Structures are given as C-alpha cells and as structure tokens.
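Trainee: attaching a predicted model along with its sequence, questions to come.
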Amino acid sequence: MTDHNRPFSDDERAGLYRAIYERRDVRSQFLPDPIPYPVLARLLKAAHHAPSVGFMQPWDFVLIDSLEVRQQVLASFHEENAKAAHNYTGERQQTYRNLKLQGIIESPLNLCITCDRSRGGDHVLGRNSIVEMDLFSTCLAVQNFWLAARAEGIGVGWVSILDQDKLADILHLPGHVYPLAYLCVGYVSEFLDQPELETKGWRSRLPLESLIHHNTWSEALDDQALLDQFEK
Ligand SMILES: Cc1cc2c(cc1C)N(C[C@H](O)[C@H](O)[C@H](O)COP(=O)(O)O)c1[nH]c(=O)[nH]c(=O)c1N2
C-alpha cells in the first residue's frame, strides 16, 4: 500500500469533521493580525486542489489588501444592502437591518475567487450539456479554502450583497472572468458555535431527516434504521 492509500486515523477523521462542523461564516469577529504567507499559501493550495469539471481549474485568486479597493467594494455593499432591506417589512426588516453581513474593512485580507469561463477552450470535458459546471467547480474551491482556513484558526465571510458588474469593474476583471466569491479573511477572536443567522433568530437549521428522499423527490425516506441515526 502506498502511503497516500493508508486509512485515515481516528484523529485525522475527527479533524476533518471538526473543520466541517465548526466552520463558520465570519463577519463580526475579525482581528487585524496579518495572515503569514506560509499559512496563506496553504489555504490557496487547498483551494487549488478542489475538483473541477474536465480538470478545468477555472479559478483565479485576487488578493485584496488595498483599503481603497475595499472601500469601493464596501460602497457597493451598502448600496445593494439598502435595496435588499426593502424585501422585508416591519420587525423582519428591523432584524435584517441589525444583521452584520460583511467584514470588508475589519478583515486584513479580502479575496475574490473568480471563475474564468473560457479556460480550457470551447469544449471542456463534462461541461458539454450543463455549462454552469465551471461555476460549480469554483464553488468547491471556495469550500476547500473555507474548511482549510477553519483548521488554521482563520475565519472567512462570504459577501454576496454586491453588484456583480461593479465588482468586476473595481477588480478590473476581463469580461470572461466571473467574480464568483468575495471573501473576507482573517484571524478571529472566536468562532461562534452556531450560524449567526440562527443565533439572531433569522433562520434555523432544517432537520436533515426532512431533506432525504427515496428514489424520487415525491417519496420521503422511510428507512427507520437510517432515520434513527440522525437522532444521535
Ligand atoms: C453563496 C453564499 C453567499 C453568502 C453566504 C454564504 C454562501 C454560501 N453568507 C453566509 C451564510 O449566511 C452562512 O453560511 C449561513 O448563515 C450559515 O452559517 P455558517 O456558514 O454555518 O456560519 C453570507 N453571509 C453574510 O453575512 N453576507 C453575505 O452576503 C453572505 N452571502
């Protein structure tokens, strides 16, 4: 057996699940400490090892530490967030307005993970029928980055309340490059034990049992032995 085929030890497995369960979207708890380059390099390498359709690797990583650039992005956030608040009324709108939904300036590093839709030419293996597969691949790079960051004690917050075209302009992205994820990145004072939207009463985690279907969408899972596992 080659070394990389060895089974995960209990500790290794526990570490992976810990990163998954204790990863958080961070917006309020950023510390200003810079991320050392060896650590940042490990995170980017983890992102770059995500799966991608046809091994397209459509991502690029735009590292943003300029205050001026971040202020421009923040201005777009404020504009879009003001519009978003109008989707709600009354108490719900007040709750929305009280949510902190970005840490663009407080985090020492912003990172835009982009998707180059033309990488690999016109015919990418596996993207023949469903052309969004490059976007989905880039999301997986985001998740790898996010989980690796959690294992390094670094928080990540995804900010999507932005005007996509303005963001592309601010970052000088060419037309074929899509700004897929705008992330705030930095060490944190703490990781919350639940999603902030849950603690603030916005929305709760759905029961997993209610999301599992059997063979087709219209049939709920009725395998009690499996359902019992989710109680544990
Ligand atoms: C594609 C996408 C886009 C966004 C997010 C996530 C994802 C996946 N999230 C974070 C989101 O609110 C958070 O993941 C959930 O509330 C669950 O919390 P945890 O990530 O488990 O802490 C997010 N959070 C925020 O404060 N502002 C935002 O604009 C966004 N946008």
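Mentor: Ah, there it is. Residues are numbered from 1 along each chain as shown.
Trainee: centre of the chain to the lengthiest strand in the chain, how far?
Mentor: Ordering each strand of the chain by length in residues (DSSP state E) puts strand 177-187 first. Centroid separation for strand 177-187 versus its chain: 8 Å, with C-alpha atoms, centre = their mean, to the nearest Å.
Trainee: neighbouring strands for that strand, and are they parallel or not?
Mentor: strand 109-116 (antiparallel), strand 154-159 (antiparallel) (DSSP bridges).
Trainee: list the contacts of stretch 80-90.
Mentor: 93, 95-97, 101, 161-163 (C-beta atoms under 8 Å, 6 or more residues apart in numbering). Placement of C-beta: from N, CA and C, glycine included.
Trainee: quickly check the residues you listed for the two that are furthest apart.
Mentor: Among those, the pair separated by the greatest distance (C-beta to C-beta) is 95 and 163, at 23.8 Å.
Trainee: show me what from the chain comes close to the ligand.
Mentor: Those residues of the chain that sit near the ligand, judged by C-beta under 6 Å from any ligand atom, are 24-25, 27, 101-102, 157-161, 195, 197.
Trainee: of the residues you listed - the most surrounded one?
Mentor: Greatest neighbour count in the residues of the chain next to the ligand, by other C-beta atoms under 10 Å, goes to residue 157: 27 neighbours.
Trainee: output the below-cut-off pLDDT ranges for this protein.
Mentor: The chain contains residues with pLDDT under 70 at 1-2, 232.
Trainee: for the chain, which segments count as strands?
Mentor: Ranges of strands in the chain, per DSSP E, are 59-64, 109-116, 154-159, 177-187, 213-214, 216-220.
Trainee: returning to what we had before: list the buried residues of the longest strand of the chain.
Mentor: Neighbour-count burial for strand 177-187 flags 177-187 (criterion: 16 or more other C-beta atoms under 10 Å).
Trainee: repeat for stretch 102-115
Mentor: Neighbour counts over stretch 102-115 (16+ other C-beta under 10 Å) mark 102-104, 106-115 as buried.
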